[in-house]
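**Student:** Here is the input, now give the coordinates:
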Amino acid sequence: MTISRRGFLIGLPLAVAGCATGGGDYQNYAAVPHPRFPLPALSPEKIRPELRRRVVDYDGNYKAGTVVVDTPARRLYYVLGNGKAVRYGIGVGRAGLALRGNAKVGRKAEWPSWTPTENMMNRDARNRRFAGGVPGGLNNPLGARALYLYRGGRDTMFRIHGTNQPNSIGQAMSSGCIRMLNHDIIDLYERVPVGAPVVVIQA
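**Tutor:** Next up, the predicted model:
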């Protein structure tokens, strides 16, 4: 047996294993360089398969460019059209705190700063120490990107944003905003323009 043939056979199980895991997952969650806030790679094994970013079949009656937040399913879809959408796993608000109804993306921000709302400070007095705001960065609760949701031209105070708590994806534990993995919110941010419609589905 030649060396090249032997090398092929030895490498074959690894290649098969890579296909089983999904090579696209590793690409989707690879390290993201940045001069100040580089994101490390995120192992796909730490994300449940149904919460990983995927292009999927989608038969919802929404036009291309719509962001659909399926709160009960803990999924967000960016509608591509022609029966396809990009699916992302999300974390949602605790009972009674989730956004209801439709909105639009009023503005977008990279590495946004965060200031707790008055309601957040009233619910948890520990948030008052952040009343002056927290600058953007790897430790900021809004993560790498934020989409600010508006209704009737006014800020709803709800956001679709990244998170530095990846274990919160798939859970209902936020103060009402929609959380995404930092790698996923960067992907969504690049796709969604200001003015894009957002549809929030509740149970």
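**Student:** which residue is nearest the middle of this structure?
**Tutor:** Among the residues of the chain, the smallest C-alpha distance to the mean C-alpha position (CA atoms, centre = their mean) belongs to M180, namely 2.4 Å.
**Student:** So in terms of bridging, what pairs with it?
**Tutor:** Per DSSP bridges, the residues bridged to M180 are G162.
**Student:** So in this structure, where's the weakest helix or strand by average pLDDT?
**Tutor:** For the chain, scoring each helix and strand by mean pLDDT, DSSP states H and E identifies helix 3-21 as the least confident one, at a mean of 37.
**Student:** could you check the distance from the residue nearest to the centre of the chain over to P35?
**Tutor:** Shown here: M180 relative to P35, a distance of 23 Å by CB to CB, to the nearest Å. Glycine gets a C-beta too; all of them are placed from N, C-alpha and C.
**Student:** What of G93?
**Tutor:** If you measure G93 against P35 using CB to CB, the figure is 33 Å.
**Student:** Between these two, which is the more surrounded one?
**Tutor:** Neighbours were tallied for G93 and for P35 using other CB atoms under 10 Å; the higher tally belongs to G93 (18 against 5).
**Student:** Tell me how many other residues surround the closest residue to V32 other than its chain neighbours.
**Tutor:** Counting by CB to CB, 6 or more residues apart in numbering, the nearest residue to V32 once its immediate chain neighbours are dropped is L39, at 4.0 Å. Around L39 sit 20 other residues, with neighbours defined as other CB under 10 Å.
**Student:** List the residues that contact L39.
**Tutor:** With CB atoms under 8 Å, 6 or more residues apart in numbering as the criterion, the residues that contact L39 are A31, V32, L138, A144, N182, H183, I186.
**Student:** got a winner among the residues you listed for most neighbours?
**Tutor:** A144 (27 neighbours).
**Student:** before we move on, the earlier item: per-residue confidence at the residue nearest to V32?
**Tutor:** Reading off the confidence values, L39 has pLDDT 95.
**Student:** Ok, the one 10 residues further on next?
**Tutor:** With respect to pLDDT, P49 scores 94.
**Student:** Quick check on it: phi, psi?
**Tutor:** When quoted as degrees, to the nearest 10, the phi and psi of P49 stand at phi -50, psi -40.
**Student:** residues touching it, list them.
**Tutor:** Counting by CB under 8 Å, 6+ apart, P49 touches no other residue.
**Student:** Use 836 as the first number from now on
**Tutor:** From this message on, residue numbering opens at 836, which makes the last subject P884.
**Student:** ok, which stretches of this protein are strands?
**Tutor:** 889-892, 902-905, 910-916, 919-924, 927-928, 936-945, 980-986, 989-998, 1007-1009, 1013-1016, 1032-1036 (DSSP state E).
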